[in-house]
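Return a 3D structure for these sequence lines:
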Amino acid sequence: MDKIIYLMVAGSLGTLARYGISIFFNKYAVVNFPIGVFVANMLGSFLFGLIWALSEDKGIVNSNMRLIILVGFMGSFTTFSTFAFDNTIYITQLDWAKLVLNILANNIVGIFLIYLGFKLSKLA
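Residues are numbered from 1 along each chain as shown. Below you'll find the predicted structure:
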């Protein structure tokens, strides 16, 4: 039961962090693009890779804490449901350039940042 409570608290904190990042970056965006969602997804991808590697390779993060961080916090911090929604809007607006940019940028940069997180964990 304790894990569930910790997951719920971590999930709440992840949601609030994502919302804050989205509001901040969208407020100052100079382009009409969901930059806040992109930043949250990319930061989340990087942190996921780093935390996973620190747990698996270094044993710095134990399995219970990894569950709470990656499933609880990161599960609500990264926003792929919003990502899918934004892409659906681009499809309905026939805005193919933004659709392709959003899909490629989130996936390619996200994969790269997970890899970077893995590599940076080797320095710890």
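
Now do the buried residues in the longest helix along the chain.
Longest helix of the chain, by residue count under DSSP state H: helix 2-27. Buried residues in helix 2-27, counted by 16 or more other CB atoms under 10 Å: Tyr6, Leu7, Ala10, Gly11, Gly14, Ala17, Arg18, Ile21, Ser22, Phe25. C-betas here are computed from N, CA, C, even on glycine.

of all those residues, which comes closest to Phe46?
Ile21 (13.1 Å; CB to CB).

so can I have JSON lines of the buried residues of helix 2-27 showing distance to Lys119 and pLDDT?
Shown next, in JSON lines, are the buried residues of helix 2-27 (distance: CB to CB, whole Å; pLDDT from 0 to 100):
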{"residue": "Tyr6", "distance to Lys119": "29", "pLDDT": "95"}
{"residue": "Leu7", "distance to Lys119": "28", "pLDDT": "95"}
{"residue": "Ala10", "distance to Lys119": "26", "pLDDT": "96"}
{"residue": "Gly11", "distance to Lys119": "28", "pLDDT": "96"}
{"residue": "Gly14", "distance to Lys119": "24", "pLDDT": "96"}
{"residue": "Ala17", "distance to Lys119": "24", "pLDDT": "96"}
{"residue": "Arg18", "distance to Lys119": "25", "pLDDT": "95"}
{"residue": "Ile21", "distance to Lys119": "24", "pLDDT": "95"}
{"residue": "Ser22", "distance to Lys119": "28", "pLDDT": "92"}
{"residue": "Phe25", "distance to Lys119": "26", "pLDDT": "93"}
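
any chance of the residues you listed in TSV, with distance to Val39 too?
Shown next, in TSV, are these (distance: CB to CB, whole Å):
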residue	distance to Val39
Tyr6	26
Leu7	24
Ala10	20
Gly11	19
Gly14	14
Ala17	11
Arg18	10
Ile21	6
Ser22	8
Phe25	5
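
Tell me which two of the residues you listed sit farthest apart.
Tyr6 and Phe25 (28.3 Å).

show me what contacts Pro34?
Contacts for Pro34 were tallied using CB atoms under 8 Å, 6 or more residues apart in numbering; they are Ser22, Asn26, Thr82, Asp86, Asn102.
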